[in-house]
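J.: Provide a 3D model corresponding to the input given below.
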Amino acid sequence: TAIEPVDAMRDRLAASVPGVTALAGSAEAMPLPDASLDALVCAQAFHWFSTPEALAEIRRVLKVGGRFGLVWNVRDDATPWVGELTAIMNAHEGDAPRYHTGAWRRLFPAEGFGPLHEDAFPHGHTGTPEQVILDRTLSVSFIAALPETERARVAQDVRTLIARTPDLAGRSDVTFPYRTHVYWCERKV
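T.: A predicted model of the protein is given here:
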């Protein structure tokens, strides 16, 4: 079961993953009964709604002993070209909620939940430079929301980075390095 507030995203999810129930709702108002879930996972999203209200709603729908999980795939800036890409992107982030600020962590430790555990591991996304670097960059919320001229400038900066980086230029496939960060805790009461 997926909860998604945006109609277009919910429709796309339902079309892309048959058999998944996609419900209209938000982190603060889930159309689910009390204590109805064994697990609830937020992937690439919790920084957008990391509020006491959302955490109370998550606690409401989880069974006692249920697990709450958080997942983020974070660009691995230890790779020099990835660090350069991050600098291009971060110049446009403004005040958009972001994982890397750590603001979402302020909710923990959280009432009714056990300790927050964490782990991280490497992950790679392989495809053409256009798919895994350019398209992915342009899909980031604060980049996608830029005026068209600024988005075009970001796209050109990314194309230039690809063209001048020996590990990327002229390659049909590249692997974009990420670190997957996972966090979990258990509902206690």
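
J.: report the central residue of this structure.
T.: Nearest residue to the geometric centre of the chain (C-alpha atoms, centre = their mean): residue 44, 1.6 Å.

J.: roughly how far does it sit from residue 158?
T.: Applying C-beta to C-beta, to the nearest Å, the value for residue 44 to residue 158 is 20 Å. In short, each C-beta sits where N, CA and C put it, glycine included.

J.: residue 98 now?
T.: On the measure of C-beta to C-beta, residue 98 and residue 158 end up 19 Å apart.

J.: so who does residue 54 touch?
T.: 26-28 (C-beta atoms under 8 Å, 6 or more residues apart in numbering).

J.: ok, now with 6 Å
T.: By C-beta atoms under 6 Å, 6 or more residues apart in numbering, the residues touching residue 54 are 27-28.

J.: sticking with it, tell me its helix or strand.
T.: Using DSSP states H and E, residue 54 falls within helix 52-61.

J.: in that helix, what counts as buried?
T.: 54-55, 57-61 (16 or more other C-beta atoms under 10 Å).

J.: nearest to residue 113, of those?
T.: Taking C-beta to C-beta as the measure, residue 59 is the one of the buried residues of helix 52-61 closest to residue 113, at 6.9 Å.

J.: does the closest one touch residue 112 like I think?
T.: Yes: contact status for residue 59 versus residue 112: in contact at 4.7 Å, counting by C-beta atoms under 6 Å.

J.: where's residue 138 relative to residue 15, distance?
T.: Residue 138 is 22 Å from residue 15, by C-beta to C-beta.

J.: who has more neighbours, the two?
T.: Neighbours were counted for residue 138 and for residue 15 using other C-beta atoms under 10 Å; residue 138 has more, 15 against 9.

J.: which stretches in this protein count as helices?
T.: Using DSSP state H, the helices of the chain run over residues 7-16, 52-61, 80-90, 129, 136-139, 141-144, 148-164.

J.: which one of those lies nearest to residue 183?
T.: Here helix 52-61 is closest among these (C-beta to C-beta), at 12.9 Å.

J.: does residue 183 really touch residue 68, like I thought?
T.: No: applying C-beta under 6 Å as the test, residue 183 and residue 68 come out as separate, 8.6 Å apart.

J.: look at the two and report which has more neighbours.
T.: residue 68 (24 against 19).
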